[in-house]
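Participant: Predicted model follows, preceded by the sequence.
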Amino acid sequence: MPDWLDIVIRSFVAFAYLFILTKIIGKRQIRQISYIEYIVGISIGSIAAFMATEIDGPIYHSLIALTIFALFPVLLEWLSLKSKKVRNIVQGNATILIKDGKILEDNLKSERMTTEDLLEHLRMKDVFRVADVEFALMEASGDLSVLLKSQHQPVTPQHLGLKVSPAEEPQTVIMDGVILDEPLANNGLNRNWVRAELEKAGVALENVFLGQVDKGGQLYLDLYDDKLKVAQPIEMKLTFATLKKCQADLELYALGTQDQRVKRTYQGDSQELQKVIDTVKPLLMR
């Protein structure tokens, strides 16, 4: 067998075996690696390269070495599940770097981080003042987790006592100027609806880079030409405004009549309509 053909076969065998071993090790090796997995990854890569190019030795020697190195993270992961001590050794522990707005310099040194490194990590979390931080921890993965002080945390609808509709994933119905039928069917829509919406927006289908439909049935468009502006859907806001106007009219009618029976009817209808408005407001005003 020619040497080049032997190398080709060895390379394919090495690639296929590495793929199998990666599936055995799991997604963690790809997503987030520990010290052990980092060592194993380098070693496996070196062995696979040697296996593909070293044509003198038998191929099964390299396969045995690859298997042994691949089993290390699997074994350690199993031991980590059984023992917290092993888990602390293999994965490490989180380190507090900031507590109550004060940087813990000794912990910063133990993580071999400079002040500039810490400030950079904070900026990546949209934090620019150390004094605003309640806690900041360096996770075992190397990521920085930041908890702001209560007075500096973003205001949420819950803080204001507001009800909002649950966030749901929009359906992409147009991509690269092509209508996608399956997402349309998931929303109970069809191509005729899309064409009608595009006609209302004054946009040609081939000019649409991306089109998405939310739960309320509103179509949002992104065009190839970024200079062109597409009017945002306002049907829901108009519906809300119409309901508010009707409720205001009922109150006005109640104030304008002298008939007590009619006045009570208008006031009751106004209160019932207000309940409907409060219920649908999170859905209409988004």
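Facilitator: Sure, I can see it.
Participant: hey, let's count contacts and neighbours off CA atoms from now on
Facilitator: Fine.
Participant: count of neighbours near residue 173?
Facilitator: Neighbourhood size, residue 173 [other C-alpha atoms under 10 Å]: 25.
Participant: Surely it is within a helix?
Facilitator: No. Using DSSP: H, G, I helix; E, B strand; the rest coil, the assignment for residue 173 is strand, not a helix.
Participant: ok, it - contacts?
Facilitator: Going by C-alpha atoms under 8 Å, 6 or more residues apart in numbering, residue 173 touches 179, 180, 181, 183, 184, 210, 211, 212, 213.
Participant: That one and residue 229, how far apart?
Facilitator: 19 Å (C-alpha to C-alpha, to the nearest Å).
Participant: Ok, residue 8 next?
Facilitator: From residue 8 over to residue 229 (counting by C-alpha to C-alpha), the distance is 54 Å.
Participant: Among the contacts of residue 173, pick out the one closest to residue 12, please.
Facilitator: For the contacts of residue 173, the closest approach to residue 12 (C-alpha to C-alpha) belongs to residue 180, at 38.1 Å.
Participant: is it true that that closest one touches residue 174?
Facilitator: Yes. With contact defined as C-alpha atoms under 8 Å, residue 180 and residue 174 form a contacting pair (5.8 Å).
Participant: quick one, which of these two is more surrounded?
Facilitator: A direct count of neighbours by other C-alpha under 10 Å for residue 180 and residue 174 places residue 174 higher, at 25 against 16.
Participant: And the buried ones among the contacts of residue 173, selectable in PyMOL?
Facilitator: Those of those that count as buried under 16 or more other C-alpha atoms under 10 Å are selected in PyMOL with:
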select buried, resi 179+180+183+184+210+211+212+213
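Participant: Kindly indicate which of the contacts of residue 173 lies nearest residue 46.
Facilitator: Nearest to residue 46, judged by C-alpha to C-alpha, of the contacts of residue 173 is residue 210 at 43.7 Å.
Participant: quick one, what contacts residue 18?
Facilitator: residue 48.
Participant: Repeat the analysis, applying 10 Å as the threshold.
Facilitator: Listed by C-alpha atoms under 10 Å, 6 or more residues apart in numbering, the contact partners of residue 18 are 12, 24, 44, 45, 48, 63, 66, 67, 70.
Participant: Secondary structure and neighbour count for those - can I get that in TSV?
Facilitator: Compiled in TSV, the contacts of residue 18 are given as follows (DSSP: H, G, I helix; E, B strand; the rest coil; neighbours: other C-alpha atoms under 10 Å):
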residue	secondary structure	neighbour count
12	helix	12
24	helix	12
44	helix	20
45	helix	14
48	helix	22
63	helix	17
66	helix	23
67	helix	14
70	helix	21
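Participant: Confidence-wise, which of these comes last?
Facilitator: Here the lowest pLDDT out of the contacts of residue 18 sits on residue 24, with 65.
Participant: domain ranges for the protein?
Facilitator: 3-89, 95-152, 171-232, 236-284 (automatic domain parsing).
Participant: Those domains: which one's closest to residue 158?
Facilitator: Once those are compared by C-alpha to C-alpha, domain 236-284 is nearest, at 12.7 Å.
Participant: mean confidence score for that closest one?
Facilitator: The average pLDDT for domain 236-284 rounds to 84.
Participant: you'd agree residue 45 is up against residue 66?
Facilitator: Yes. With contact defined as C-alpha atoms under 10 Å, residue 45 counts as touching residue 66 (9.0 Å).
Participant: which residues do those two both contact?
Facilitator: 14, 18, 51.
Participant: Which members of those occur in helices, if any?
Facilitator: Using DSSP state H, the subset of the shared contacts of residue 45 and residue 66 located in helices is 14, 18, 51.
Participant: how close does the first one sit to residue 6?
Facilitator: When you say that, I think you mean residue 14. If you go by C-alpha to C-alpha, the gap between residue 14 and residue 6 works out to 12 Å.
Participant: Please say which of those two ends up with more neighbours.
Facilitator: Neighbours per residue, other C-alpha under 10 Å: of residue 14 and residue 6, the larger number sits with residue 14, 23 against 14.
Participant: Report the contact partners of residue 176.
Facilitator: By C-alpha under 10 Å, 6+ apart, the residues touching residue 176 are 205, 206, 207, 208, 209, 210, 211, 223, 224.
Participant: from the residues you listed, which has minimum pLDDT?
Facilitator: residue 224 (84).
Participant: Of all the domains of the chain, which one is nearest residue 163?
Facilitator: Taking C-alpha to C-alpha, domain 236-284 is the member of those nearest to residue 163, at 6.1 Å.
Participant: Quick one: the strands in the chain, in order.
Facilitator: 95-99, 102-103, 133-138, 144-148, 171-175, 178-179, 208-213, 219-223 (DSSP state E).
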